[in-house]
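**Q** pasted the sequence and its predicted model underneath.
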Amino acid sequence: MPFRILVSNDDGYFSPGIAALAEAMRGFGEVTVVAPEADRSGASNSLTLDRPLYVRESSSGFHYVNGTPTDCVHVAVTGFLQHRPDLVVSGINNGQNVAEDTLYSGTVAAAMEGFLLGIPSVAFSLADRGFGQLDTAVYVAQRVVAGLIQRPFASPRLLNVNIPNVPLEALKGYRMTRLGRRHVAQPVVRVESPRGEPMFWVGAPGAIKEAGPGTDFHALQNQEVSITPLRVDLGDSAASDEVAAWLESLP
Ligand code: MN
């Protein structure tokens, strides 16, 4: 039975990043690409519930969906694919996904959906924008996936991999990391429509706040590949005592 890999992303099925990732995966088994028909960066884990979703095939053989990254993986795994994939990979994203970016990222969300469905999943992002050193990211993706096949984790894991935008010779190594922290995001930018209506562009992410040793920021700054294991549980057990006491004193 072939090893089956589902490839998705959030930049859209036409992105150079997903073409490179799909090509990089071919040596490992049977590759299927199911990705959004439009750039859905920032879609996070959203599902489309107000209309049906099509899965169409482009001339490249890639499939595209009129939905979000999460839709793509959800539809592929639970209905479209004949066989359950053994691995879900997402990317290669046009730009890094570190710290709080991971909450908004559609690249991470596509991988997270695979993970939620019980499949080992990896998100790949290339730092900076513009795919300057896409070959480096391809090489890294192949090494990581080779490692996952050669020595799988005891149970499926979700990995967030960020690759520094440097030539392969300049890569310093691979670092297991935790998420850094950003300051609050930049405010929206007010613009005016041609008809005089005030409108707003969502602004830039917040500046770096916590980028100490061990963080994803730190690894990238040191030209290392950052590999952050992610979990899905948003529960805050550290807050439970205080909230329980507060509940006791509800008026
Ligand atoms: Mn993106």
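**A** Nice, thanks for sending it over.
**Q** rest of the way, CA atoms for contacts and neighbours
**A** OK.
**Q** list the helices and strands the helix or strand hosting residue 144 packs on?
**A** Element membership for residue 144, per DSSP states H and E: helix 134-150. Packing contacts for helix 134-150, counted by 3 or more CA pairs under 8 Å, 6 or more residues apart in numbering; DSSP states H and E, involve helix 16-25, strand 121-126, strand 158-163.
**Q** closest to the ion out of these?
**A** Of all the helices and strands packed on helix 134-150, strand 121-126 sits nearest to the ion, with 8.4 Å by CA to the ion.
**Q** show me the contact partners of that closest one.
**A** In this structure, residues lying in contact with strand 121-126 by CA atoms under 8 Å, 6 or more residues apart in numbering are 87-97, 107-108, 110-112, 114-115, 133-134, 137, 141, 156-165.
**Q** so which residues of the stretch 101-250 of the chain form strands?
**A** Ranges of strands in the stretch 101-250 of the chain, per DSSP state E, counting those that start in this stretch, are 121-126, 158-163, 173-176, 181-182, 189-192, 198-201, 208-210, 224-230.
**Q** just name the most buried of these.
**A** strand 121-126 (a mean of 30; mean count of other CA atoms under 10 Å).
**Q** so where is this structure shaky, pLDDT-wise?
**A** For the chain, no stretch is flagged by pLDDT under 70.
**Q** in it, which spans are helices?
**A** For the chain, helices defined by DSSP state H occupy the ranges 16-25, 69-75, 101-104, 106-116, 134-150, 216-221, 240-248.
**Q** want to throw these into TSV with mean neighbour count and distance to residue 62?
**A** Output for these, formatted as TSV (neighbours: other CA atoms under 10 Å; distance: least, CA to CA, whole Å):
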stretch	mean neighbour count	distance to residue 62
helix 16-25	21	9
helix 69-75	27	12
helix 101-104	17	25
helix 106-116	29	16
helix 134-150	18	18
helix 216-221	24	31
helix 240-248	10	46
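**Q** looking at those, which is nearest to residue 205?
**A** Residue 205 sits nearest to helix 101-104 of all these, at 7.8 Å, using CA to CA.
**Q** residues of this structure that sit close to the ion?
**A** With CA under 5 Å from the ion as the criterion, the chain comes near the ion at residues 10-11, 41.
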